[in-house]
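A.B. asks: can't give you the sequence, but here's the structure:
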């Protein structure tokens, strides 16, 4: 039994990461300064890495069907939304000269969720069967 929700989320989020990467490489390159383009690209890179993490969690669940892998999935999705989402907002809002201000704390919080996702995946593997 695979964890279908993780596989579906991973596939869809990976497709979105590729789409956003293409948008950054082609359209945004013309309107973002190099620093903000790098911020956007960092968001895409971590978005994609953790989409692959979701796919791995779904596949690993076949061998180790434990709740920790389900939690890893939730942490990865939350991390993508907070970390990558906040970087996308920072970069895109800079076009209009707008700052996300204190909401910038979402980036490191999202990073913590990424770390928790990987740790919970390891814990799930070690506790499984």
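C.D. replies: Received it, and whenever you're ready, just let me know what you need. The structure presented is a predicted model; accordingly, all values stated were derived computationally and were not measured.
A.B. asks: next secondary structure after the biggest helix by length in the chain?
C.D. replies: Scanning the chain for the longest helix, with DSSP state H as the assignment, gives helix 34-63. Using DSSP states H and E, the helix or strand that directly follows helix 34-63 along the chain is helix 67-79.
A.B. asks: residues in contact with that following helix?
C.D. replies: Outside helix 67-79, the residues that touch it by Cβ atoms under 8 Å, 6 or more residues apart in numbering are 3, 5-6, 9, 13, 46, 50, 53-54, 57-58, 60-61, 110-114, 116-118, 120-121, 123-124, 127-128. Bear in mind the C-beta positions are built from the backbone N, C-alpha and C, glycine included.
A.B. asks: hang on, the earlier thing: give the rounded mean pLDDT of the longest helix of the chain.
C.D. replies: The average of the pLDDT scores along helix 34-63 is 96.
A.B. asks: begin at 53 from now on, thanks
C.D. replies: In the new count, where the first residue is 53, that last one comes out as helix 86-115.
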